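Chemist: Sequence first, predicted coordinates after that:
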Amino acid sequence: DTAVSQTPKYLVTQMGNDKSIKCEQNLGHDTMYWYKQDSKKFLKIMFSYNNKELIINETVPNRFSPKSPDKAHLNLHINSLELGDSAVYFCASSPRRQQAGELFFGEGSRLTVL
Amino acid sequence: DAKTTQPNSMESNEEEPVHLPCNHSTISGTDYIHWYRQLPSQGPEYVIHGLTSNVNNRMASLAIAEDRKSSTLILHRATLRDAAVYYCRPDKLIFGTGTRLQVFP
């Protein structure tokens, strides 16, 4: 009965490949996010969607393409993977766009690019 | 965000109070200050938030400076299960650098 679920949890792939990470939330929230956590544990916002509309794109390379088929899902597709893309990617959701609301995070997807 | 800074690590003994500071000198007047913690191999989880006044909940207390440029998360009696990385979030989207808390028996 996970509130924010991501798949896969682990992903190991070669440079140059294309991969996707899926995220689903069953909390009825309007806003979803993708964060990247690097090896130093810094959490950096990548994208935010509100009701399927992209509202934030934080200078992420265009090899990264988020897609939101409905407000409960936000998937992340990455083309031409590079070594520097290795990180843990977290999906999150919140009940209101850019308000004081709490963020609910998934358990993360660890991407390793070889 | 370079202007939201936290100490890299802190240590505590079990059952002692822990004060985790965060400096957020460029916080806007309307942004809430949130704190999250991340246990190993898990996503961050919400701990507490506030705007101007100090706040208490069952997990922790939050002390906010009068000018709102810093805040302190207070764990009143640390337990081994409190060992985690603690993040402040003084912006709607941006997290601080995180403090790794070690708790010793």
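Modeler: Arrived safely. Numbers count the residues shown, from 1 in each chain, chains lettered A, B, ... in the order given.

Chemist: Next, please give the residue ranges for the strands of the chain.
Modeler: Here I'm looking at chain A. Along chain A, counting by DSSP state E, strands occupy A:4-7, A:10-13, A:19-25, A:31-37, A:43-50, A:53-57, A:64-70, A:73-78, A:87-94, A:104-105, A:109-113.

Chemist: my bad, chain B
Modeler: Ranges of strands in chain B, per DSSP E, are B:4-5, B:9-13, B:18-24, B:33-38, B:45-50, B:55-56, B:61-64, B:70-75, B:84-89, B:99-104.

Chemist: What residues does chain A have near chain B?
Modeler: Residues of chain A found near chain B (CB under 8 Å from any CB of the partner chain) are A:4, A:33, A:41-45, A:48, A:56, A:58, A:90, A:92, A:98-100, A:102-108. Quick note: C-beta positions are derived from backbone N, CA and C, even for glycine.

Chemist: follow-up on the earlier one: CSV for the strands of chain A, including distance to B:Glu14, mean pLDDT and mean neighbour count?
Modeler: Formatted as CSV, the strands of chain A follow (distance: least, CB to CB, whole Å; pLDDT from 0 to 100; neighbours: other CB atoms under 10 Å in any protein chain shown):
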stretch, distance to B:Glu14, mean pLDDT, mean neighbour count
strand A:4-7, 31, 97, 19
strand A:10-13, 33, 97, 14
strand A:19-25, 35, 97, 20
strand A:31-37, 28, 94, 24
strand A:43-50, 28, 91, 21
strand A:53-57, 41, 83, 14
strand A:64-70, 43, 93, 14
strand A:73-78, 40, 96, 20
strand A:87-94, 29, 96, 24
strand A:104-105, 27, 95, 22
strand A:109-113, 31, 97, 19
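
Chemist: and these as TSV, adding distance to B:Pro21?
Modeler: Formatted as TSV, these follow (distance: least, CB to CB, whole Å):
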stretch	distance to B:Pro21
strand A:4-7	29
strand A:10-13	34
strand A:19-25	32
strand A:31-37	22
strand A:43-50	18
strand A:53-57	28
strand A:64-70	34
strand A:73-78	33
strand A:87-94	24
strand A:104-105	23
strand A:109-113	30
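
Chemist: check contacts around A:Thr31.
Modeler: For A:Thr31, the contacting residues are A:Ser48, A:Tyr49, A:Asn50, A:Asn51, A:Ile55, A:Ser93, A:Ser94, A:Pro95, A:Arg96, A:Arg97, A:Gln98, by CB atoms under 8 Å, 6 or more residues apart in numbering or on different chains.

Chemist: now what about stretch A:6-18, what contacts it?
Modeler: With contacts defined as CB under 8 Å, 6+ apart, stretch A:6-18 is touched by A:19, A:21-23, A:77-83, A:89-91, A:106-114.
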